[in-house]
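A.B. asks: Predicted model, plus sequence, below.
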Amino acid sequence: MRTCLQFWPSVFNCAAVICNRQCPLYQDPRSTPKGFDIMTSVGHYCDGLMTLYNLSIRLQYNPGAMVGCSGHIVRHGVTYTGNHIVWAWFIRDSLHNSWGHLGHCTQLTWM
């Protein structure tokens, strides 16, 4: 595993695919506060709305939308009508910590 992680091509070390699920307001305490989660939306749906609650922001979240925010800090949620898929990329410090220092992967100096 350590060898594979040395060649991982992304700063993100976790991904999730969420299908046809209304998402109530949520914060991810396991996500790193230093990084952003990237959520990309696809599908055939309408009335997509993403709420970034503690920022008092509501975004139109139509197919093809991409939103980045700190999932650790920002309470976020999604509502929509239709068939919806979200591809979410995020960072778990616990993965980096369990495998030790892997060069660029453990350093979030770009923030």
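C.D. replies: It's in.
A.B. asks: only C-alpha atoms for contact and neighbour calcs from this point on.
C.D. replies: Fine.
A.B. asks: Name the helix or strand of this structure that has the lowest mean pLDDT.
C.D. replies: When the helices and strands of the chain are compared on mean pLDDT, DSSP states H and E, helix 93-99 comes out lowest with a mean of 63.
A.B. asks: Spell out which residues sit in contact with the spatially closest residue to Ala65 that is not a sequence neighbour, please.
C.D. replies: Spatial nearest neighbour of Ala65, excluding adjacent residues (Cα to Cα, 6 or more residues apart in numbering): Ser41 at 5.4 Å. Counting by Cα atoms under 8 Å, 6 or more residues apart in numbering, Ser41 touches Tyr61, Asn62, Pro63, Gly64, Ala65, Met66, His84, Ile85, Val86, Trp87.
A.B. asks: what does Pro33 give?
C.D. replies: Ser70, Gly71, His72, Ile73.
A.B. asks: Going by distance to Gly48, which of those wins?
C.D. replies: Comparing the contacts of Pro33 against Gly48 with Cα to Cα places Gly71 closest, at 18.8 Å.
A.B. asks: Buried by neighbour count: which residues of stretch 60-72 qualify?
C.D. replies: With burial defined by 16 or more other Cα atoms under 10 Å, the residues of stretch 60-72 counted as buried are Tyr61, Asn62, Pro63, Cys69, Ser70, Gly71, His72.
A.B. asks: In this structure, where is pLDDT below threshold?
C.D. replies: In the predicted model, the chain carries pLDDT under 70 at residues 1-2, 4-5, 8, 94-111.
A.B. asks: what comes into contact with stretch 46-59?
C.D. replies: Applying Cα under 8 Å, 6+ apart, the contact partners of stretch 46-59 are 25, 60-62, 74-82.
A.B. asks: Please tell me how far it is from the chain's geometric centre.
C.D. replies: For stretch 46-59, the separation from the chain centroid amounts to 15 Å (computed by Cα atoms, centre = their mean, to the nearest Å).
A.B. asks: for stretch 3-19, same thing?
C.D. replies: With Cα atoms, centre = their mean, you get 12 Å for stretch 3-19.
A.B. asks: Can you tell me how far the spatially most central residue of the chain is from Tyr45?
C.D. replies: The chain has Asp37 as the residue nearest its centroid, 3.0 Å off, counting by Cα atoms, centre = their mean. Counting by Cα to Cα, to the nearest Å, the separation of Asp37 from Tyr45 is 22 Å.
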